[in-house]
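In: here is a sequence together with a model predicted from it:
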Amino acid sequence: MMKTFNTLKVVKKINYPLLIFSIALCESAGIIGSLFTFSAISTWYAFLVKPSFSPPNYLFGPVWVILYLLMGISLYLIWQKGKKTFGLVKLFLIHLVLNSLWSIIFFGFKNLGLAFVEILILWGIILVLAFKFYKVNKTAAYLLIPYQLWVSFATILNLSVWLLNR
């Protein structure tokens, strides 16, 4: 009986406007990146040599929507802690800018080498975020694991595409 009461108590503490805003903020990073991606997919990107492990183009959209959702929930779990996590929220926002910037560099500027350098920086910041989030909220850190894994794969893919198209 007590366990059910505690669960209901946790549900009451959810700040839905902040949760929705956190998710929307992360999804907006994807929208910004997609503005540069969509037009390049059927033109420039279609003619690049890609490695055999390159996933089909239709997979990227759904994967990123899910990853941005998880990132948004992760951000919310940190943000709801208040002023003491302002520095982490700020770092997360900087990371979101870098996340969108990769698409701009890769698909917009068509600069595969610079995009590779940028994604290495992004990968490192995600790792730092996960470790810092872990100290505040373990779930927030765990929610970043699929993102870290996908960006690891994207880093290898970026490098491969760059090397194959030099």
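Out: Now that the structure is in, tell me what you want to look at.
In: show me where the protein has its helices.
Out: Under the criterion DSSP state H, the chain contains helices at 2-12, 16-41, 57-79, 86-103, 112-136, 138-142, 145-164.
In: can you redo those helices as a markdown table with mean neighbour count, mean pLDDT and distance to residue 49?
Out: Using the backbone N, CA and C atoms, a C-beta is placed for each residue, glycine as well. Converted to a markdown table, these look like this (neighbours: other Cβ atoms under 10 Å; pLDDT from 0 to 100; distance: least, Cβ to Cβ, whole Å):
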| stretch | mean neighbour count | mean pLDDT | distance to residue 49 |
| --- | --- | --- | --- |
| helix 2-12 | 8 | 54 | 51 |
| helix 16-41 | 16 | 96 | 15 |
| helix 57-79 | 18 | 97 | 15 |
| helix 86-103 | 17 | 97 | 20 |
| helix 112-136 | 17 | 98 | 11 |
| helix 138-142 | 17 | 98 | 36 |
| helix 145-164 | 16 | 98 | 4 |
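In: as a markdown table, the ones you listed with distance to residue 47 would be great.
Out: Shown next, in a markdown table, are the helices of the chain (distance: least, Cβ to Cβ, whole Å):
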| stretch | distance to residue 47 |
| --- | --- |
| helix 2-12 | 51 |
| helix 16-41 | 10 |
| helix 57-79 | 13 |
| helix 86-103 | 18 |
| helix 112-136 | 13 |
| helix 138-142 | 39 |
| helix 145-164 | 12 |
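In: of these, which is nearest residue 51?
Out: Ranking those by distance to residue 51, with Cβ to Cβ as the measure, places helix 145-164 first at 4.1 Å.
In: could you give the angle of that closest one to helix 86-103?
Out: Orientation of helix 145-164 against helix 86-103 (axes from the mean of the first three to the mean of the last three Cα atoms, to 10 degrees) gives an angle of 30 degrees.
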